[in-house]
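Peer 1: Structure for the following, please:
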Amino acid sequence: MNKKGLRINYGCGDEDTNTNRSSIGDLIGIDIRPCKGVDIVLGEDRIIPLEDNSVEYIFTSNVLEHVEDLFKTISEFYRICRNDVIIEIYVPHFSSTKTHFEYHRRSCRYSFLDCHCNNALSSYPKYFDTLERKLIMSPRWKILEKLFNKHHTLFEDSILSSMFTCFEVYVKLKVVK
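Peer 2: Numbering: from 1, shown residues only. Predicted structure coming up:
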């Protein structure tokens with residue numbers, strides 16, 4: 001029996017202020033605080049109260065830079081997901097003005113979460129294959145987006161990242177079990 005899995009928006013926030021929720025479709029909203037559009041409120045331990053291998057899709061936007069224990073969150077994603085599940089992640093790029101808030105615990109680069117992907121040389125558990133990854137430039141610098149994605153190291157490790165604002169990093173992962 002191939003039962004349909006759950007589709008979740010991790011860190012959905014308030015339904016009225018989260019534009020991403022409605023554009024993705026009907027997802028189960030998960031957040032740390034109860035508000036309109038939140039279906040599951042996480043406890044203090046931040047364990048996602050879903051069964052192992054019960055999820056068929058995860059969407060999260062501008063959330064993972066806030067979590068206290070990123071490794072624990074990523075491990076939870078892996079636990080609840082089935083094999084071959086797609087996880088779509090948006091995080092603010094370190095050059096974005098959206099990154100520099102006191103409640104952000106990390107700034108993110110093009111290589112965000114690479115250490116957990118099968119192509120990485122690290123001792124972290126390998127949970128994912130990277131399907132897509134890109135820098136999303138501010139509208140003013142959109143014309144440079146293709147160039148900076150092709151040469152992301154040059155962009156991020158030079159003065160260019162101070163001159164041209166990159167809003168977000170988009171990462172599309174596939175769970176590998």
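Peer 1: Show me what stretch 63-78 is in contact with.
Peer 2: Stretch 63-78 is contacted from outside by 10-11, 46-48, 58, 87, 89, 91-92, 99, 103-108, 113, 116, 124-125, 127-128, 175, 177, using Cβ atoms under 8 Å, 6 or more residues apart in numbering. Where you see a C-beta, it was placed from the backbone N, CA and C, and this is true even at glycine.
Peer 1: Please name the bridge partners of the residue nearest to the spatial centre of the chain.
Peer 2: Taking Cα atoms, centre = their mean, the centroid of the chain lies closest to I89, which sits 2.5 Å from it. Per DSSP bridges, the residues bridged to I89 are T60, V171.
Peer 1: where exactly do the strands run in the protein?
Peer 2: 6-10, 28-31, 40-41, 55-61, 81-92, 128-137, 166-175 (DSSP state E).
Peer 1: follow-up on the earlier one: isn't the residue nearest to the centre of the chain right next to L113, touching?
Peer 2: Yes. With contact defined as Cβ atoms under 8 Å, I89 reaches L113; the gap is 7.2 Å.
Peer 1: Between the two, which contacts overlap?
Peer 2: Common neighbours of I89 and L113 (Cβ under 8 Å, 6+ apart) are 171, 173.
Peer 1: For this protein, which element, helix or strand, carries the lowest mean pLDDT?
Peer 2: When each helix and strand of the chain is scored by mean pLDDT, DSSP states H and E, helix 19-24 comes last, with a mean of 50.
Peer 1: Pull out the buried positions in the longest helix along the chain.
Peer 2: For the chain, the helix that runs over the most residues, judged by DSSP state H, is helix 70-80. For helix 70-80, the buried set under the neighbour-count rule, 16 or more other Cβ atoms under 10 Å, comprises 70, 73-74, 76-80.
Peer 1: Let me have the residues you listed in TSV, adding distance to H152 and pLDDT as columns.
Peer 2: Output for the buried residues of helix 70-80, formatted as TSV (distance: Cβ to Cβ, whole Å; pLDDT from 0 to 100):
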residue	distance to H152	pLDDT
L70	21	87
T73	24	93
I74	21	92
E76	28	96
F77	24	96
Y78	25	96
R79	30	97
I80	30	97
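Peer 1: Noted, bye for now.
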